[in-house]
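Enquirer: what's the 3D shape of this:
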Amino acid sequence: MKSILFAAFLAFVSSLSFSQPVILSQRDQARVIDELLEDRLRNTLPALMRREGFDMWVIISREYNEDPVIRTLLPATWHAARRTTMLVVYDNGKETEYLAVARYDVGKIFKRAWDPDANPDQWAQLGKIIAERNPKKIGVNKAPHYGHADGLTSNDHDNLLKALPKSLQGKVASAEKLAVSWLETRTEKEMVLYQQICRIAHDIILEGFSDKVIQPGVTTTEDVVWWYRERIKELKLDTWFHTSVSIQRNEPEAIMSKRPQPLVILPGDLLHVDFGITYLRLNTDTQQHAYILKAGETEAPKYLRDAFAKGNRLQDILTGNFKEGRTGNDILKATREQAIAEGITPSIYTHPIGFHGHAAGTTIGMWDMQGGVPFTGDYPMHYKTAYSIELNCTVNIPEWKKDIRIQLEEDGYFDETGFRYIDGRQKELIIIPKASSVNRQ
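Expert: Numbers count the residues shown, from 1 in each chain. Sure thing, here's the model as predicted:
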């Protein structure tokens, strides 16, 4: 059942125009984060544990050396683990138990299961809790391929085994696939919010790629980069990487490379931005293009519009190959073959998005691995997962006597109904400046 806060938030969002993004107060953000976490733990995690064959998951993390997974399990007011934080999830097939081997509850779900005054040895208490439940398979975050799922330190792994009776030591196994499943799976409530999060990111990009920020002949690419960074902070948002802004123009690369850096933006330039925000523990990752009008122009040249259309076509080919159970490497191979057959020169490096920017899940190429990505590219695609559709295509522009790259990235979601962009995608170049509504003769 939706809480009053969450229901009120959805009603508020629905009442607004699309051009008016909502950013919650810090207090309300914390409440929403905690509600999303409770929903995930109650309604998503048990099914994932059963699918991956674990009846117990143990997450152990020490302060200032946090496991990437534990950050997704802590309440909003916890910014990190405290001392040694131990969380235990036990599923007996009928109900799921959430325990914190800690001095206090960890949020609303993980209940305190240790009294240090009665038993000062925290590791012994952890061993006792596990032994009493006698699980069949104990998952720990020790993983060979995904850094997201490899947060258990060697020392803590050793301490865990010492705390267990010998009969249970052999039941400890890598929870890599379980951790990846937990991180990659998006919930219905999260996806309602994700559209708004992506819209906020899109609106900030449009604001920066406008004559409110850019004065051709004066503004540099770095000016725009730092405007974006400042704007993120003004809106009380966070980012997970440093924004970049670059230029392609009708000029030989040998000349462009000798120009003073950062480059001053000029009429006729094709701009590119790579931008992302973090909000409500979810991340965005977006790349878009803008064109600076020359005197007398009202739109970008047709050859640039045609080049951009090829980028959109490559997106369609890629997402058309999404299929449950298909590996990232299979999707990459099929997409490249189809694109090349259509005369498109592709480079595909699409990744999951969610709790992390470059998130856990099905990897579809890397810029330097167009023949396939070992291990993470072999991971099969699941429903209810989100991706940054990141790619580029190289297009020859005879008018410029050189190749350019259309570099696009938009966040999307894949479920039983197919693939969709979370807040749409860029389908035409952003024009700077936008046409004025004033009739000037």
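
Enquirer: what does the host helix or strand of Phe308 rub up against?
Expert: The secondary structure element spanning Phe308 is helix 302-320 (assigned by DSSP states H and E). With Cβ atoms under 8 Å, 6 or more residues apart in numbering as the test, helix 302-320 has contacts from 270, 289, 291, 299, 331, 335, 338-339, 342, 344, 346, 348, 350, 364, 389, 391-393, 395, 397-399, 404, 406-408, 410, 412, 419, 425, 427-429. The way it works is simple: take the backbone N, C-alpha and C, and place the C-beta from them, glycine included.

Enquirer: correct me if wrong: Lys108 contacts Arg31.
Expert: No. Look at Lys108 against Arg31 with Cβ atoms under 8 Å: they stay out of range, at 11.3 Å.

Enquirer: and the helices in the stretch 251-400 of the chain, which stretches?
Expert: Under the criterion DSSP state H, counting those that start in this stretch, helices of the stretch 251-400 of the chain are mapped to 253-256, 302-320, 328-341.

Enquirer: out of the ones you listed, which gets nearest to Ile60?
Expert: With distances scored as Cβ to Cβ, the stretch of the helices of the stretch 251-400 of the chain nearest to Ile60 is helix 328-341 (30.0 Å).

Enquirer: CA atoms only for that closest one, dumped as CSV, please.
Expert: In CSV, the C-alpha atoms belonging to helix 328-341 read as follows (Å, rounded to 0.1, in the frame of the first residue of the first chain):
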residue,chain,number,x,y,z
GLY,A,328,25.0,-8.3,-23.7
ASN,A,329,27.6,-9.8,-26.1
ASP,A,330,24.8,-11.4,-28.2
ILE,A,331,23.0,-8.0,-28.3
LEU,A,332,26.2,-6.2,-29.2
LYS,A,333,27.0,-8.6,-32.1
ALA,A,334,23.5,-8.5,-33.5
THR,A,335,23.3,-4.7,-33.3
ARG,A,336,26.7,-4.2,-34.9
GLU,A,337,25.9,-6.6,-37.8
GLN,A,338,22.6,-4.9,-38.5
ALA,A,339,24.0,-1.4,-38.2
ILE,A,340,26.9,-2.1,-40.6
ALA,A,341,24.5,-3.7,-43.1
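
Enquirer: give me the distance from it to the chain's centre.
Expert: Here the centre of helix 328-341 is set off from its chain's centre by 23 Å, with Cα atoms, centre = their mean, to the nearest Å.

Enquirer: in that helix, what counts as buried?
Expert: For helix 328-341, the buried set under the neighbour-count rule, 16 or more other Cβ atoms under 10 Å, comprises Gly328, Asn329, Asp330, Ile331, Leu332, Lys333, Ala334, Thr335, Arg336, Gln338, Ala339.

Enquirer: for that helix, packing partners?
Expert: In terms of contacts (3 or more Cβ pairs under 8 Å, 6 or more residues apart in numbering; DSSP states H and E), helix 328-341 is packed against helix 302-320, strand 345-348.

Enquirer: Leu24: which of those is closest?
Expert: Ranking those by their distance to Leu24 (criterion: Cβ to Cβ) puts helix 302-320 first, at 30.6 Å.

Enquirer: show me the contacts for the residue nearest to Pro346 when sequence neighbours are not counted.
Expert: Counting by Cβ to Cβ, 6 or more residues apart in numbering, the nearest residue to Pro346 once its immediate chain neighbours are dropped is Ala339, at 4.2 Å. When contacts are counted by Cβ under 8 Å, 6+ apart, Ala339 touches Leu314, Ile317, Thr345, Pro346, Cys393.

Enquirer: got TSV for those residues, with distance to Asp121, pLDDT and neighbour count too?
Expert: Converted to TSV, the contacts of Ala339 look like this (distance: Cβ to Cβ, whole Å; pLDDT from 0 to 100; neighbours: other Cβ atoms under 10 Å):
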residue	distance to Asp121	pLDDT	neighbour count
Leu314	58	98	26
Ile317	58	98	21
Thr345	62	98	16
Pro346	57	98	24
Cys393	60	98	23
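
Enquirer: which two among those residues are spaced furthest apart?
Expert: Taking Cβ to Cβ as the measure, the contacts of Ala339 reach their widest spread between Ile317 and Thr345, a distance of 12.6 Å.

Enquirer: looking at the helices of the stretch 251-400 of the chain, which has the lowest confidence?
Expert: Ranked by mean pLDDT, the helices of the stretch 251-400 of the chain bottom out at helix 253-256, which scores a mean of 91.

Enquirer: is Cys393 in a bridge, and if so with what?
Expert: Each beta-bridge partner of Cys393 is listed here: Pro346, Ile406, as defined by DSSP bridges.

Enquirer: didn't Phe322 look like it was pressed against Met381?
Expert: Yes. Judged on Cβ under 8 Å, Phe322 makes contact with Met381 at a distance of 6.4 Å.

Enquirer: who touches both of those two?
Expert: Listed contacts common to Phe322 and Met381 are Ile331, Phe414; contacts here mean Cβ under 8 Å, 6+ apart.

Enquirer: returning to that earlier point: now tabulate the buried residues of helix 328-341 in a markdown table and tack on distance to Pro144.
Expert: Output for the buried residues of helix 328-341, formatted as a markdown table (distance: Cβ to Cβ, whole Å):
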| residue | distance to Pro144 |
| --- | --- |
| Gly328 | 17 |
| Asn329 | 18 |
| Asp330 | 21 |
| Ile331 | 23 |
| Leu332 | 21 |
| Lys333 | 24 |
| Ala334 | 27 |
| Thr335 | 27 |
| Arg336 | 27 |
| Gln338 | 32 |
| Ala339 | 32 |
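
Enquirer: what are the buried residues along stretch 137-157?
Expert: With burial defined by 16+ other Cβ under 10 Å, the residues of stretch 137-157 counted as buried are 137-143, 145-146, 148-153, 156.

Enquirer: scratch that, stretch 409-422 is what I was asking about
Expert: Glu409, Glu410, Asp411, Gly412, Tyr413, Phe414, Asp415, Phe419, Tyr421, Ile422.

Enquirer: using PDB, write out every CA atom in that stretch.
Expert: Output in PDB follows, covering the C-alpha atoms of stretch 409-422 (Å, rounded to 0.1, in the frame of the first residue of the first chain):
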ATOM      1  CA  GLU A 409      23.200   8.600 -24.400                       C
ATOM      2  CA  GLU A 410      19.700   8.300 -23.000                       C
ATOM      3  CA  ASP A 411      18.300   6.400 -20.000                       C
ATOM      4  CA  GLY A 412      15.700   3.700 -20.700                       C
ATOM      5  CA  TYR A 413      13.800   0.800 -19.000                       C
ATOM      6  CA  PHE A 414      13.200  -2.800 -20.100                       C
ATOM      7  CA  ASP A 415      10.400  -4.900 -18.900                       C
ATOM      8  CA  GLU A 416       7.800  -7.400 -20.100                       C
ATOM      9  CA  THR A 417       6.200  -4.800 -22.400                       C
ATOM     10  CA  GLY A 418       9.500  -4.100 -24.100                       C
ATOM     11  CA  PHE A 419      12.000  -1.200 -24.000                       C
ATOM     12  CA  ARG A 420      11.100   2.500 -23.500                       C
ATOM     13  CA  TYR A 421      13.000   5.700 -22.800                       C
ATOM     14  CA  ILE A 422      12.300   6.800 -19.300                       C
END
